[in-house]
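Student: Sequence and predicted structure below; questions after.
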Amino acid sequence: MQNIIPQSLSNSKPSRNLQIILILFLTIFLLHGSSEQTEASDNLPKTTTSKDGSIISYETYGEGDQTLIFVHGWCCDSRYWREQISFFSKKYKMVLVDLAGHGHSSSERKNYTMKSFGEDIKAVIDATNSDKVILIGHSMGGPVIAETARLVPDKIIALVGIDTLENIEYPMTDKIKGQILGPLEKNFRNGCSNIVNGMFSNSTDQSIRNWVVSDMSAAPHAVALSANNAYFDQYITGESAKIFEEIKLPIYCVNGEIWPINYEANRRHMQSFDATVLKGAGHFLMLARPNDFNEALDKTIIKILKKHK
């Protein structure tokens, strides 16, 4: 210590000046540690309670004035939006949700319906004190955000479907539903693998394909079958179209090219409908084509905000 402390401070007892220096150093150290701890805790998942008591996990990123809530699809979770976090959190407040039965949310619900999932998103909207929200839903997340809009229309300014809502008049029948669900009921892992494998474009990186297929095939089969039943039933009953007649909000999509969009059918029921199609993209475009997807989604959001002013 004699070599680095001035002679005037190196007495047998700590001088007043040395005490002040040590206190300042300790204060700076603690404040720095505290700020790091706060920053880390801000990114930790949070939880809220849905209408039926289910615990819903969600994460928040960014501090923009506009809130974007991202809703995953069937057998997925909030990790499927990982390529969007750094891009959108720079200018928007992002909220990523795990629906009940998915990710880190609880899985004690008996029936996983689109309406109950909508209640999950409503709970997150309330928990985050969000207003003038843009809801973004991938695949099954499309009808989920539609149900959310029906529950809290005053807190939402637009819906954006991601590779979904291609034709809300799709002529689903019990027979078609049985053909799809049959293999899943017989052997969920194999049936799910076969279904999901057909949702990629040929250009999709093999590592992404492998991860998505294995991850979705490992989902709780009881949750997956319940959700699929409810999803298909909305098309059989015509509810998939009727719900949009109640929603007085603009609807947008950013879709791949696997399934064609029936603009006329959608516009018969929606206040307005528009879509951006990424050529050559598959179902999981936010993972396989993140740069193109982020740019397309951001342009859609900018368009929504300009019209909402």
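Tutor: Right, received. Where do you want to start?
Student: what about the helices in the stretch 201-309 of the chain?
Tutor: Secondary structure of the stretch 201-309 of the chain, counting by DSSP state H, counting those that start in this stretch: helices at 206-217, 221-237, 239-246, 263-267, 285-288, 290-308.
Student: What are the contacting residues of the longest one?
Tutor: Outside of helix 290-308, the residues within contact range by CB atoms under 8 Å, 6 or more residues apart in numbering are 66, 68, 83-84, 87-88, 92, 132, 134, 136, 157-158, 160, 162, 250, 252, 254, 276, 278, 281, 285-286. C-beta coordinates here come from the backbone N, C-alpha and C atoms, glycine included.
Student: out of the helices of the stretch 201-309 of the chain, deepest packed?
Tutor: Stretch with highest mean neighbour count among those: helix 285-288 (a mean of 24; mean count of other CB atoms under 10 Å).
Student: so how far is that helix from its chain's centroid?
Tutor: Put simply, helix 285-288 sits 13 Å off its chain's centre (CA atoms, centre = their mean, to the nearest Å).
Student: just stretch 75-89 next, same as before
Tutor: Offset of stretch 75-89 from its chain centre (CA atoms, centre = their mean): 7 Å.
Student: which residues sit against it?
Tutor: Here stretch 75-89 makes contact (CB under 8 Å, 6+ apart) with 57-59, 61-62, 64, 68, 70, 72-73, 94, 96-99, 102-104, 138-139, 192, 215-217, 219, 224, 284, 286-287, 290, 293-294, 297-298.
Student: number of nearby residues for the nearest residue to Ser139 once chain neighbours are set aside?
Tutor: Nearest residue to Ser139, sequence neighbours excluded (CB to CB, 6 or more residues apart in numbering): Gly73, at 3.0 Å. Neighbour count of Gly73, defined by other CB atoms under 10 Å: 24.
Student: Correct me if wrong: Gly73 contacts His138.
Tutor: Yes. If you go by CB atoms under 8 Å, Gly73 and His138 touch, sitting 4.4 Å apart.
Student: Could you tell me which residues touch both of the two?
Tutor: Common neighbours of Gly73 and His138 are listed as 80, 164 (criterion: CB under 8 Å, 6+ apart).
Student: Helices of the stretch 1-150 of the chain, start to end?
Tutor: Applying DSSP H, counting those that start in this stretch to the stretch 1-150 of the chain gives helices spanning 16-42, 85-88, 114-127, 141-151.
Student: Could you list the low-pLDDT ranges of this structure?
Tutor: The chain contains residues with pLDDT under 70 at 1-42.
Student: Quick check: can you list the domain ranges of it?
Tutor: For the chain, automatic domain parsing gives the domain ranges 7-40, 43-308.
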